[in-house]
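1. sequence? don't have it. structure:
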């Protein structure tokens, strides 16, 4: 039984609906986290749909290298980049951040991995391997799940969701129903939330739910532990967003960090 979630299937279905609004939101989010990309080389680890690789090129990156473990993601990213950046300098390859022989040689001005390294099965080795690819003075932009009291429960749920396809529709329906009810009880309009989800997140609500429920392997950590670990690798914490975890009743969000290499 293969418990690894098939992210590529989800991304390929979503990417077919990408438009200029999706790309513009990706540009805003990428610039907010890693800053200026003009004239920079950019490595996208776990590129998924390839949308943020396309955003990096739109923001002035001179060369983009995109990697993903999932062959479906590789194919999807190639299609997205061909559509949004047909004449730019980019490449998309299959790569495993835990297998250094599959990674590119050399270093990059910006290494970016949003919501990926905690799904490898060995998050700390993945972070260390990714950090090695950041050049002198370069930036390392990552998003990692924040640890909550219910992470153990979600680990079990994610393994079940990933391993048993027949469980996916009822689990997804249960999650969405409970989430919408919770918003209603807190006097927050669930209809407007879903309707405006793309504007806020640059993603589709149900696609995000599928990714969350099935994101296995799954690990999480605290901001303090992550920052201490990466700083020991020769970085300083340049900026951080969304680093306060909740209880985890409906899961946990990703904290976002931009680190800068000091040595």
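-> Okay, I see it. Just so it is clear, the model here is predicted, and its values are computed rather than measured.

2. Now do the helix or strand containing residue 238, average pLDDT.
-> Per DSSP states H and E: residue 238 is located in strand 235-241. Averaged across strand 235-241, pLDDT comes to 97.

3. So which elements touch it?
-> Strand 235-241 sits against helix 20-34, strand 134-145, helix 223-231, strand 254-261, with contacts defined as 3 or more Cβ pairs under 8 Å, 6 or more residues apart in numbering; DSSP states H and E. In short, each C-beta sits where N, CA and C put it, glycine included.

4. Excluding covalently adjacent residues, which one is nearest to residue 123?
-> Of all residues beyond its chain neighbours, the one nearest residue 123 is residue 219 (4.3 Å), with distances taken as Cβ to Cβ, 6 or more residues apart in numbering.

5. actually residue 89, not the one I wrote
-> Spatially, and ignoring its direct neighbours in sequence, residue 89 is nearest to residue 63 (4.5 Å; Cβ to Cβ, 6+ apart).

6. Isn't that neighbour up against residue 41?
-> Yes - applying Cβ atoms under 8 Å, one finds residue 63 in contact with residue 41, separated by 5.0 Å.

7. what about these two, which has more around it?
-> residue 41 (20 against 17; other Cβ atoms under 10 Å).

8. Ramachandran angles for that one?
-> phi -90, psi 150 (degrees, to the nearest 10).

9. Give me the pLDDT for it.
-> pLDDT for residue 41: 98.

10. Also residue 199?
-> Listed pLDDT for residue 199 reads 67.

11. And for residue 72?
-> Taking residue 72 on its own, its pLDDT is 93.

12. if I've got this straight, it is in a strand?
-> No - counting by DSSP: H, G, I helix; E, B strand; the rest coil, residue 72 is located in no strand; its state is helix.

13. That one - nearest residue in space that isn't next to it in sequence?
-> With Cβ to Cβ, 6+ apart as the criterion, residue 72 has its nearest non-adjacent residue at 2.6 Å, and that residue is residue 8.

14. Just the element for the one you found, please.
-> helix 7-15.

15. could you give the angle of that helix to helix 20-34?
-> 120 degrees (axes from the mean of the first three to the mean of the last three Cα atoms, to 10 degrees).

16. For helix 7-15, which helices and strands make contact with it?
-> Under the contact criterion of 3+ Cβ pairs under 8 Å, 6+ apart, helix 7-15 touches helix 71-84, helix 205-214.

17. just to revisit the earlier point, the residue nearest to residue 123 in helix, strand or coil?
-> Of the three states, residue 219 takes coil under three-state DSSP.

18. Can you get me a residue count around it?
-> Residue 219 has 18 neighbours, counted by other Cβ under 10 Å.

19. What pLDDT does the model give it?
-> Taking residue 219 on its own, its pLDDT is 97.

20. what's the spacing between it and residue 74?
-> 23 Å (Cβ to Cβ, to the nearest Å).

21. quick revisit: need phi/psi at the residue nearest to residue 123.
-> The phi/psi pair for residue 219 (degrees, to the nearest 10) reads phi -140, psi 160.

22. who touches it in this structure?
-> Residues near residue 219 by Cβ atoms under 8 Å, 6 or more residues apart in numbering: 118, 123, 145.

23. can you do 10 Å?
-> Residues in contact with residue 219, defined by Cβ atoms under 10 Å, 6 or more residues apart in numbering, are 117-124, 126, 144-145, 147, 151, 155.

24. In helices, which of those residues fall?
-> 123-124, 126, 151, 155 (DSSP state H).

25. Most neighbours out of the residues you listed, which is it?
-> Counting neighbours by other Cβ under 10 Å, the top entry in the ones in helices among the contacts of residue 219 is residue 126, with 23 neighbours.

26. hang on, the earlier thing: got a list of what the residue nearest to residue 72 touches?
-> Going by Cβ under 10 Å, 6+ apart, residue 8 touches 48-49, 68-77.

27. export those to JSON lines and tack on distance to residue 169 and neighbour count?
-> Shown next, in JSON lines, are those (distance: Cβ to Cβ, whole Å; neighbours: other Cβ atoms under 10 Å):
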{"residue": "48", "distance to residue 169": "23", "neighbour count": "27"}
{"residue": "49", "distance to residue 169": "23", "neighbour count": "28"}
{"residue": "68", "distance to residue 169": "26", "neighbour count": "28"}
{"residue": "69", "distance to residue 169": "26", "neighbour count": "21"}
{"residue": "70", "distance to residue 169": "22", "neighbour count": "22"}
{"residue": "71", "distance to residue 169": "25", "neighbour count": "10"}
{"residue": "72", "distance to residue 169": "20", "neighbour count": "17"}
{"residue": "73", "distance to residue 169": "23", "neighbour count": "27"}
{"residue": "74", "distance to residue 169": "27", "neighbour count": "20"}
{"residue": "75", "distance to residue 169": "25", "neighbour count": "18"}
{"residue": "76", "distance to residue 169": "23", "neighbour count": "29"}
{"residue": "77", "distance to residue 169": "27", "neighbour count": "30"}
